[in-house]
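Colleague: Coordinates for the following, if possible.
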Amino acid sequence: MNFTDDDIKRIKDASASHLIDVVQDFQNLRKSGTSYICDCPVCKASKKFSIHPVKDIYGCFSCHQVNGVGALDYLMRVEKKEFPDALEYLAHKFNVILDQRPEQKKKQIEKMKKGSKKAKGNDVCSFCSKMLSDSGLTFEDVTAKIYKTGDTKSIFEARTFHPGTINGSGEIDSSGDDVIIEYYDLEGMPVTYSRKDHRKKDTGERKEYFRVRWQFPDAHLDKEGKPFKYKSPSGSGTPIYIPEKLRRMYKEKEQIPRLYIQEGEKKAEKACKHGVPSIAVSGIQNLGSKENSSLPEDLVKIITTCGVKEVAFIFDSDWDDISTNIRLNDRVEKRPYCFFYAAKNFKEYMRTLKNRNIYVEVFVGHIQKNEAGDKGLDDLLSNTLKDHEDELAKDIEFACNQKKGLGKYVEMFKVTTWTDHKLQELWCLHSHEAFAERHKDILKNLPEFVFGRYRWKFDDTGKVVLAQPFDDDEKFWEEVEKKDRGGDPRIEYQFCYVNSHNFLQNRGFGRLRRLDKTYQFIHLDPPVVQAIDASDARDYLFQFAKHYCKKEVNEMLIKGVSQYVGPDKLSLLNFIEPNFIKPNRESQYFYFDTKCWYITKDSVQEMGYENISHHIWAEQRKMIPSKYLGYPLITFKVDQENHYTYSISKDGEKCHYLLFLKNASNFSWRKSEVEKDADEENENRIHLLSKLCAIGYMIMEAKDNNVSKAVVGMDGKQSEVGDSNGRSGKSLIGELMRCAIPTAYIPGKRSDLFNDQFVWNDVLENTKLVFIDDVLQNFNFEFLFPNITGDWSVNYKGGRRITIPFSASPKIYIATNHAIRGSGSSFTDRQWLLAFSDYYNDSRKPIDDFGTLFFSEWDFDQWNLTWNLLANCIQLYLQFGVVQAPGERLEQRKLRQEMGETLISWADEYFSSNEHLNQRLVRKDLYDAFCTYDPAQRKFISPTAFKKKFIMYCDWKGYIFNPHKYDSKTGKPFQLDKDGRPIIDDKAGGIEYFTVGTGSYTGDGIPEDDSANEQTLIDF
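Modeller: Presented below is the predicted three-dimensional model:
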């Protein structure tokens, strides 16, 4: 809603002296003398928040974090309302009748007629037709003569704008009613891009580039929760759009004295139609390549072939506007800075042409605001300049050659030789006074506003002053009057060390004591704790002086920078003890931009930061407006026979990550529905639940001595030892954790990984997870035993050493293409194994199913669904606990890893003959036969190790080792040792025998062992 100055004045007058009436709408007040009190909405201190109805002021006597004057200030500062929302609330509460807005005359739009030449046979009722008509364009205007990939070099016509949409896989669906915009290069060939995988590596596949313009942007939100109009394929880059008229000028080598760059394809088509030769970029920041900071080659070709001498970037008429939806903590210069950086980058890109001996003049311009409200160049041409469009080209020419650059419809600036500081002056970004004066109409009505790092406001005289005044004991300089040699008085400025410490400490700067008794500089801006360097505190003080202090004070600071605010002086700042919450095993918090979630086994509560009293690290807070959907995305049930079932909600079916986990848990995907049996389906469901619970376990901060495990993601598909299946999606769990919680990433491909004394150098005190990615075949898991179940010792480069207690130490996730070596309870009790099917592999990747790269190219909806899924995972973990993946696949893979491919190959060949099965064979003969098969193995595999691997081979193949040592009816061993372990060795006459039984062999007739002393135990 827009408010006039008169509206704002009457709203403020109506709410004056009514602070108490507004506050009681949000707080439970009780009278205390002449004031009213309640619990502080920020620090939660009991009865410390006071409202003085006569003075119309409020504040907290405990935290001093909130205080102000008036109802408008309270709504914005305490209730976090945007300026228009606060005004609307007050207007409604105090029945302020707002001024009537004059209705803007809607411009007459000439619609395309069905079957006309302009329509080119397209549906004139589509959104695409309406959008083109709004800009004064027809389908004929956007018709290009192009080649198509695979065509036999024949030219044909195609509409670069046409109706359509994209489906869930990111492919064009011509049945939709959004707008598809296709791109063609200077030769008329489709613009293509190299498709990338989730690690942003080229796959070698080329795809045609396009953009989609949504008909309903509110239904499509970015990762910050804001609607967006356009979308391009993931990882496709930002090529330039070339209208057909400009393509024809290039092919005919027609001279173009000045080339224009427009933001948006429609503007470029409309400009070319009326004699303003233009190309288009998809956004003001998208002119050059972000990978190598270079201009598109097609743009360079146009400049060289058509003799371009000047290049101009034209912004819309809102180029200098600030947002009207401002919160008190929003930086008001954020939007103008976007335009400044666009102009700066444009100028720098054009300067790179000098390396090719190409010299052009660089202009930046914008459309002038007018009564008709024309925003872009296409609006101006189709509205104000309708039927005399040629005036625009003349006006631009006049402005470019006029000293002030001011035309009737545009304003142009020649910035070829401008410095960055000079360019900043266009938006008044060089000075808070100039910026505040430029936007005074909006900023004067705010209680305060943030520019740079400081808060400002307009006082009663209309002067811009600091909104956070400092006390006398915070004044870090002193003015001392002295006399020079001539006896004349002069002022000398001296630095006050104690006051400088007061200044910084009162603004949240201080030290945090580490575990090793050293300290870390921090900045506490409740509830967020930010780890900083000494230079950050110094810069804060210097920036304050730059904006608020005299030149002489700044001179003093610059001269003595290291002396006044060096690390040694700042080391005397007070220690701060943040109120970090102690994790518990029953709940977990998620922190977002304005809200946090409190997650328990049965519920997820959304709450504002005013409802929490503890502090958090900055890394824990995700600056996205996530919203809890109100219900789990997936729920599981289990019956008495251990059969699992689950149901996925409608929103769950849209969650890419949940569907990815479902696919990665599907080990029967090659089978038809008829071929699948109930046990296989149940196993797949357990695999999915295992992954979800493991994610919940890792993302919970609480540590439990009873559940001390490293989560290990490995391939469920068997392969030869040393072979690396890979590409099954194991690392995507670790990458999700990196996006969600503070994670230390350790590449696992190094053979000397644990010989590096600084291997844990990136593990900090607030690290919640260590992600060891892609470990090698012989990974030494035993090295991690003390880290999993005990304290975590870290050697840092530079000499520091700390020991993180178990309760605060990070958890571990390991992704591997191989089985983890090691057997026995010491290993199994410390592992939570996750098996990944080969649904995703070298030829099929998640991007093939979902049409977008995970994490980096997700929009708001996908991120919001994923955060809901993470909350869901925590609840599943709290409900089911540790759910190990069905072990048969993983056990088989571990056995193969332990045996080695050489022994498997020899044994398969040796026992392919039936004469070797169900027969007593001399152990030494078998070992000699194995060593004859591969003599090199005698160095590495001793007779004892051979026996152990041989027993594993029998287990792996389903044979029975020494079957005559078992009761054929009960299957139990005949003899047990004193510890209850089976005695299955077969020794007679000083010779040990191996028998490989197939199940039907009972061993009748074999003589008894001649000596009990020859029985030995087999260590499993």
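
Colleague: mind checking how far stretch 791-811 is from the chain centre?
Modeller: Distance, stretch centre to chain centre, for stretch 791-811: 27 Å (C-alpha atoms, centre = their mean, to the nearest Å).

Colleague: For it, give me every contacting residue.
Modeller: For stretch 791-811, contacts defined as C-beta atoms under 8 Å, 6 or more residues apart in numbering pick out 514-516, 518, 583, 697-698, 703, 705, 708, 710-711, 744, 757-758, 760-761, 763, 765, 767-770, 786-787, 789-790. Where C-beta positions appear, they are placed from N, C-alpha and C, glycine not excepted.

Colleague: which residues in the stretch 801-950 of the chain form strands?
Modeller: In the stretch 801-950 of the chain, the strands defined using DSSP state E, counting those that start in this stretch lie at 801-804, 811-816, 831-836, 920-922.

Colleague: List the strands paired with the first one, with their directions.
Modeller: Using DSSP bridges, the strands paired with strand 801-804 in its sheet are strand 792-795 (antiparallel).

Colleague: now swap in the shortest one and tell me
Modeller: Here the strand partners of strand 920-922, with direction, are listed using DSSP bridges: strand 991-997 (antiparallel).

Colleague: Buried by neighbour count: which residues of the partner strand qualify?
Modeller: Glu992, Tyr993, Phe994, Thr995, Val996, Gly997 (16 or more other C-beta atoms under 10 Å).

Colleague: Domain boundaries for this protein, per the record?
Modeller: Domain ranges of the chain: 5-93, 117-237, 238-430, 433-466, 472-570, 587-620, 634-891, 900-1014, per automatic domain parsing.

Colleague: mean confidence score for the third one?
Modeller: Which is domain 238-430. Average pLDDT, domain 238-430: 91.

Colleague: How far away from the center of its chain is that domain?
Modeller: Between the centre of domain 238-430 and the centre of its host chain there is 31 Å, according to C-alpha atoms, centre = their mean.

Colleague: Just the terminal-to-terminal distance for it.
Modeller: Domain 238-430 has an end-to-end distance of 30 Å (C-alpha to C-alpha, to the nearest Å).

Colleague: how near is Lys972 to Ile984?
Modeller: Going from Lys972 to Ile984 by C-beta to C-beta, to the nearest Å gives 11 Å.

Colleague: Out of the domains of the chain, the one nearest Asp99 is which?
Modeller: Closest approach to Asp99 among the domains of the chain is made by domain 5-93 (5.8 Å; C-beta to C-beta).

Colleague: thinking again about what came up before, overlap in contacts, Lys972 and Ile984.
Modeller: By C-beta under 8 Å, 6+ apart, Lys972 and Ile984 have these common neighbours: Tyr966.

Colleague: Give me the more crowded residue out of those two.
Modeller: A count of neighbours by other C-beta atoms under 10 Å puts Ile984 above the other of Lys972 and Ile984, at 19 against 9.

Colleague: pretty sure that one contacts Pro973?
Modeller: Yes. Using C-beta atoms under 8 Å, Ile984 makes contact with Pro973 at a distance of 6.2 Å.

Colleague: Overlap of the contact sets of those two?
Modeller: Residues touching both Ile984 and Pro973 (C-beta under 8 Å, 6+ apart) are Lys965, Tyr966.

Colleague: what's around Trp319, how many residues?
Modeller: By the measure other C-beta under 10 Å, the count of residues near Trp319 is 23.

Colleague: need the contact list for the residue lying closest to it once chain neighbours are set aside.
Modeller: Leaving aside its sequence neighbours, Trp319 sits nearest to His366 (C-beta to C-beta, 6 or more residues apart in numbering; 4.2 Å). When contacts are counted by C-beta under 8 Å, 6+ apart, His366 touches Ile314, Phe315, Asp316, Ser317, Trp319, Asp320, Val410, Glu411.

Colleague: Which residue is the nearest non-sequential neighbour of the first one?
Modeller: The one in question is Ile314. Once flanking residues are discounted, Ile314 sits nearest to Gly365: 5.3 Å by C-beta to C-beta, 6+ apart.

Colleague: Parallel or antiparallel, which strands does the helix or strand that neighbour falls within pair with?
Modeller: Using DSSP states H and E, Gly365 sits in strand 361-367. Strand 361-367 sits in its sheet next to strand 310-315 (parallel), strand 410-414 (antiparallel), going by DSSP bridges.

Colleague: quick one: which of the ones you listed is nearest Leu392?
Modeller: If we rank the strands paired with strand 361-367 by C-beta to C-beta, the stretch that ends up nearest is strand 410-414, at 7.7 Å.

Colleague: After the closest one, which helix or strand is next?
Modeller: With elements assigned by DSSP H and E, the helix or strand that comes after strand 410-414 is helix 420-424.

Colleague: and after that following helix, which helix or strand comes next?
Modeller: Counting by DSSP H and E, the next helix or strand C-terminal to helix 420-424 is helix 432-438.

Colleague: For that next one, name the packing helices and strands.
Modeller: Judged by 3 or more C-beta pairs under 8 Å, 6 or more residues apart in numbering; DSSP states H and E, helix 432-438 is in contact with strand 449-451, strand 454-458, strand 464-466.

Colleague: Buried ones in the longest one, by neighbour count?
Modeller: Residues Tyr454, Trp456, Lys457, Phe458 are the ones in strand 454-458 that count as buried (16+ other C-beta under 10 Å).

Colleague: mind listing what the first one touches?
Modeller: Contacts for Tyr454 (C-beta under 8 Å, 6+ apart) come out as His432, Leu466, Ala467, Gln468, Gln543, Phe544, His547, Tyr548.

Colleague: Buried subset of those as a ChimeraX selection?
Modeller: Buried residues among the contacts of Tyr454 (16+ other C-beta under 10 Å), as a ChimeraX selection:
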select :432,467,544,547,548
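
Colleague: can you list the contacts of Tyr454 in TSV and add distance to Gly508?
Modeller: Shown next, in TSV, are those (distance: C-beta to C-beta, whole Å):
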residue	distance to Gly508
His432	21
Leu466	17
Ala467	16
Gln468	12
Gln543	15
Phe544	13
His547	18
Tyr548	18
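
Colleague: Among the contacts of Tyr454, find the lowest-pLDDT one for me.
Modeller: Lowest pLDDT of the contacts of Tyr454: Gln468, 68.

Colleague: re the thing from before, out of the strands paired with strand 361-367, nearest to Ser46?
Modeller: For Ser46, the closest of the strands paired with strand 361-367 is strand 310-315, at 52.9 Å, according to C-beta to C-beta.

Colleague: got the CA coordinates for the closest one in CSV?
Modeller: Provided in CSV are the C-alpha atoms of strand 310-315 (Å, rounded to 0.1, in the frame of the first residue of the first chain):
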residue,chain,number,x,y,z
GLU,A,310,30.0,3.7,-28.1
VAL,A,311,28.2,1.2,-25.9
ALA,A,312,25.4,2.3,-23.6
PHE,A,313,23.7,0.4,-20.7
ILE,A,314,20.1,1.6,-20.2
PHE,A,315,18.4,1.1,-16.8
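
Colleague: Nearest to Tyr959 among the strands paired with strand 361-367 would be which one?
Modeller: Nearest to Tyr959, of all these, is strand 310-315, at 76.2 Å by C-beta to C-beta.

Colleague: now the angle between strand 361-367 and the next helix or strand after the closest one, please.
Modeller: Note on strand 310-315: by DSSP H and E, the next helix or strand toward the C-terminus is helix 334-351. Angle, helix 334-351 to strand 361-367, by axes from the mean of the first three to the mean of the last three C-alpha atoms, to 10 degrees: 150 degrees.

Colleague: Just the buried residues of helix 334-351, please?
Modeller: Result for helix 334-351 [16+ other C-beta under 10 Å]: buried residues Arg335, Pro336, Phe339, Phe340, Ala342, Ala343, Lys344, Asn345, Phe346, Lys347, Tyr349, Met350.

Colleague: Kindly indicate which of those residues lies nearest Asp593.
Modeller: Taking C-beta to C-beta as the measure, Arg335 is the one of the buried residues of helix 334-351 closest to Asp593, at 17.8 Å.
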